[in-house]
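Visitor: following is a predicted model, sequence given first.
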Amino acid sequence: MKYLLDTHTIVWAGEQSKRLSRLARKALENPEAKILVSAASAWEIATKVRKGKWPEAARLEADFVKFMTIAGFEILPISAEDAIRAARFTGPHKDPFDRIIAAQALALDIPVIGVDPDLDNFGVRRIW
């Protein structure tokens, strides 16, 4: 099974946080699972660290690719098709990072592991 991680899930998984749900933790620990991480998450973490909104993610941001490699996560690049799909979503949810993650999950027909119920507005399957 393939999963795409929402950005909070990446950070919480790295911290081994108790904020991860039982289902999220189970999916992440499944040795059969292929875990994907959007390049949008690197962008989001770096942006929020720079703005001082997510100081606890500074260590992750400093060596994002290395941490993803160690975790066994595959980084998913953002394609032009992903960007167009994300821009075409209608509705009130304007977060560009969530829009890209949702577009990629829909394109790949895989669920997102994420706490944010606003992702549901894009029609993605979400595990939490």
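Guide: Ah, there it is. Since the model is a prediction, treat every value here as computed from it, not as a measurement.

Visitor: gap between the nearest residue to Phe97 once chain neighbours are set aside and Asp109?
Guide: Of all residues not flanking Phe97 in the chain, Glu44 sits nearest, at 4.1 Å (Cβ to Cβ, 6 or more residues apart in numbering). Using the backbone N, CA and C atoms, a C-beta is placed for each residue, glycine as well. According to Cβ to Cβ, to the nearest Å, Glu44 stands 23 Å off from Asp109.

Visitor: re the thing from before, in the strand or helix carrying the residue nearest to Phe97, what's buried?
Guide: Secondary structure assignment for Glu44, by DSSP states H and E: helix 39-50. Neighbour counts over helix 39-50 (16 or more other Cβ atoms under 10 Å) mark Ala39, Ala40, Ser41, Ala42, Trp43, Glu44, Ile45, Ala46, Lys48, Val49 as buried.

Visitor: now do the nearest residue to Asp95 once chain neighbours are set aside: how many residues are near it, please.
Guide: Residue nearest to Asp95 in three dimensions, not counting chain neighbours: Asp118, with 7.5 Å by Cβ to Cβ, 6+ apart. Applying other Cβ atoms under 10 Å, we find 14 residues neighbouring Asp118.

Visitor: I'd say Asp118 and Ile101 touch.
Guide: No: contact criterion Cβ atoms under 8 Å: Asp118 and Ile101 do not qualify, at 11.2 Å.

Visitor: I appreciate the help and will end here.
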